[in-house]
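Asks: Build me a structure from this.
(one chain, ligands or ions: 1)
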Amino acid sequence: MFRKILIANRGEIALRIIWACRELGVRTVAVHSDVDTDSLHVKFADEDVCIGPARNAESYLNISAIISAAEITDADAIHPGYGFLAESAHFAEICQECHIAFIGPSAEVVRLMGNKATARKTVAQAGVPVLPGSDGSVGTAAEAARIAAEVGYPVIVKASAGGGGRGMRIVRNEEEMERSLETAMAEAKAAFDVPDVYVEKYLERPRHVEFQILGDSFGNILHLNERECTIQRRHQKLVEEAPSPALTPALRGKMAEAAMAVAREVGYVNAGTIEFLLDERRNFYFMEMNTRIQVEHPVTETITGIDLIKEQIRIASGEPVPYRQEDIGIVGHCIECRINAEDPVTFAPCPGRITTFHVPGGPGIRVDTAAHQDCVIPPYYDSMIAKLIVRGNSRSEAISRMKRALDSFVIEGIKTNIPLQRRIVSDPEFELGELSTRFMDRFLHTKEEPAPAPAPAEETT
Ligand code: MV4
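Replies: Predicted structure coming up:
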């Protein structure tokens, strides 16, 4: 086991990693920017190093400052959390060169899956269903139009370096193709510095269902079942739950096999997530693989009883996963609501000082947060300030528990999306588990609210 882990992140996930290290008896090093000096992850870590100014590029994305901090403190591993450097193959390589363990999969696998066009190819090779579309990236509008004619409109053009929805364009007919391809490529170039895009058949009302997997360095691959993550706004997930109300045990089994086949194909080591789209007839298609721990991992921890961060650390230190597939079940139901500091009308981030912070408690409640009374939410980072995670013996118990938890979560001084979350979990279709990518539309055009800011093209059509 490692002696000391540097946590290259901030906020709730940095704190979550510290708790796992404590339980494993591993020392911790927090890194922080100028504006995070008084943060809880700094307070609770054994050691801390200031790595630069507030701006991400100068601190949490500053590879040389982070590596220097690891060397100065003699850390033997780095946990990147999510976001920031978690899916940087370059960072994983530098860690390797510096003889610091990167707590995640190999740089090669991070790079392979980071290119969504090559990921599609690799996954298809493993016999896992992908949506019909291009074989890798497309070069010209003519080529894209040829593929679209083959698979049938509508199609979607996605950035190869993307993921999470940036650089996406829905194309409904041949006339739109040239312009759409041009804008998608320009967006991809601007966002990722790589203009490559690929084409696939567009599903109008899919669900997003993802499988958690664990692979260790002894070739063991396990799945920890799925998370339903369909409720998103502008490609930011808002509510996640497990198990998915859409899956039967038979379909769960098939999707789990597909997820494990992907992991086996690339020799996956550490925690990973295979994202699928599910169409109205419940056919599933590989969408992307995330080679990191995800925001919504507590949902899986709750239904399986497995501490995913501890498993990531154990795997990276060369230990086998101490479970067999037969030991992993689903107990109860879990729902997570992301609590964001944002304006309820404009959805703009709403930084500031929290004057009152009262978290709900009682049976079946978990709150992952680094916020507290009198803390300041800086404007430089993500607006997610807490995750409210509830479990119930049934989905309906989890829903009623979520309602009472949201009602007793008191945050004053800044605006939050707690009222929006309360409306989502009270929605009749949510209660029935009838979800699709269009679910949030109804919350964005209600009478109490003025006209919303124009949604990105992929959500308006
Ligand atoms: C899609 C799609 C329909 N067809 N791909 C990709 C990134 C993710 N954040 C949204 N993505 C989508 N990819 C094909 N071929 C629809 C979406 C999509 C979506 C998917 C799941 C949940 C919410 C969504 C909201 C908008 C678009």
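Asks: Residue 373 - how many residues pack around it?
Replies: Residue 373 has 13 neighbouring residues, counting by other CB atoms under 10 Å. Yep, even glycine has a C-beta here, placed from its N, CA and C like the rest.
Asks: Work out which residue lies at the spatial centre of the protein.
Replies: Nearest to the mean C-alpha position of the chain, by CA atoms, centre = their mean, lies residue 294 at 4.1 Å.
Asks: Isn't it up against residue 273?
Replies: Yes. Counting by CB atoms under 8 Å, residue 273 is a contact partner of residue 294 at 5.5 Å.
Asks: What helix or strand is residue 315 located in?
Replies: According to DSSP states H and E, residue 315 maps onto helix 308-316.
Asks: number of nearby residues for residue 57?
Replies: Neighbours around residue 57, by other CB under 10 Å: 9.
Asks: pretty sure it belongs to a strand, no?
Replies: No. Counting by DSSP: H, G, I helix; E, B strand; the rest coil, residue 57 is not found in a strand; it is helix.
Asks: Pull up the residues of the stretch 201-350 of the chain that are close to the ligand.
Replies: Counting by CB under 6 Å from any ligand atom, the stretch 201-350 of the chain comes close to the ligand at 201-203, 206, 208, 230, 232, 235, 277.
Asks: how about 8 Å then?
Replies: Within the stretch 201-350 of the chain, the residues that sit near the ligand (CB under 8 Å from any ligand atom) are 201-204, 206-208, 229-232, 235, 275, 277, 285, 287-288.
Asks: and the closest residue to the ligand within the stretch 1-150 of the chain, what are its phi and psi?
Replies: In the stretch 1-150 of the chain, the residue that lies nearest the ligand is residue 131 (4.9 Å; CB to the nearest ligand atom). Residue 131 adopts backbone torsions of phi -70, psi 140, taken as degrees, to the nearest 10.
Asks: What of residue 226?
Replies: According to degrees, to the nearest 10, residue 226 has phi -110, psi 170.
Asks: repeat for residue 442
Replies: According to degrees, to the nearest 10, residue 442 has phi -60, psi -20.
Asks: How about the contacts made by it?
Replies: Contact analysis of residue 442 by CB atoms under 8 Å, 6 or more residues apart in numbering lists residue 427.
Asks: Roughly how far does it sit from residue 427?
Replies: Between residue 442 and residue 427 the distance, using CB to CB, to the nearest Å, works out to 8 Å.
Asks: residues in contact with the residue nearest to the centre of the chain?
Replies: Contacts for residue 294 (CB under 8 Å, 6+ apart) come out as 82, 210, 273.
Asks: For these, give me a markdown table that also has secondary structure and pLDDT.
Replies: Formatted as a markdown table, the contacts of residue 294 follow (DSSP: H, G, I helix; E, B strand; the rest coil; pLDDT from 0 to 100):
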| residue | secondary structure | pLDDT |
| --- | --- | --- |
| 82 | coil | 98 |
| 210 | strand | 98 |
| 273 | strand | 98 |
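Asks: What sits closest to residue 357 if chain neighbours are left out?
Replies: Nearest non-adjacent residue to residue 357, counting by CB to CB, 6 or more residues apart in numbering: residue 373, 4.5 Å away.
Asks: Look up how far residue 392 lies from the one you found.
Replies: 28 Å.
Asks: count of neighbours near the residue in the stretch 51-200 of the chain that the ligand sits nearest to?
Replies: Nearest residue of the stretch 51-200 of the chain to the ligand, counting by CB to the nearest ligand atom: residue 165, 4.0 Å away. Look at residue 165: counted by other CB under 10 Å, it has 15 neighbours.
Asks: what's the single longest helix in the chain?
Replies: In the chain, with assignment by DSSP state H, the single longest helix is helix 174-192.
Asks: Kindly format the C-alpha coordinates of that one as PDB.
Replies: C-alpha atoms of helix 174-192 as PDB (Å, rounded to 0.1, in the frame of the first residue of the first chain):
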ATOM      1  CA  GLU A 174     -28.100  16.500 -46.400                       C
ATOM      2  CA  GLU A 175     -28.500  20.300 -46.900                       C
ATOM      3  CA  GLU A 176     -27.500  21.000 -43.300                       C
ATOM      4  CA  MET A 177     -24.400  18.700 -43.400                       C
ATOM      5  CA  GLU A 178     -21.700  21.000 -44.800                       C
ATOM      6  CA  ARG A 179     -22.500  23.900 -42.300                       C
ATOM      7  CA  SER A 180     -23.000  21.600 -39.300                       C
ATOM      8  CA  LEU A 181     -19.700  19.800 -40.000                       C
ATOM      9  CA  GLU A 182     -17.900  23.100 -40.300                       C
ATOM     10  CA  THR A 183     -19.300  24.400 -37.000                       C
ATOM     11  CA  ALA A 184     -18.700  21.200 -35.200                       C
ATOM     12  CA  MET A 185     -15.100  21.100 -36.400                       C
ATOM     13  CA  ALA A 186     -14.600  24.700 -35.400                       C
ATOM     14  CA  GLU A 187     -16.100  24.100 -32.000                       C
ATOM     15  CA  ALA A 188     -14.000  21.000 -31.500                       C
ATOM     16  CA  LYS A 189     -10.800  22.900 -32.500                       C
ATOM     17  CA  ALA A 190     -11.600  25.700 -30.200                       C
ATOM     18  CA  ALA A 191     -12.500  23.500 -27.200                       C
ATOM     19  CA  PHE A 192      -9.900  20.700 -27.600                       C
END
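Asks: re earlier: what about the helix holding residue 315, average pLDDT?
Replies: For helix 308-316, mean pLDDT is 98.
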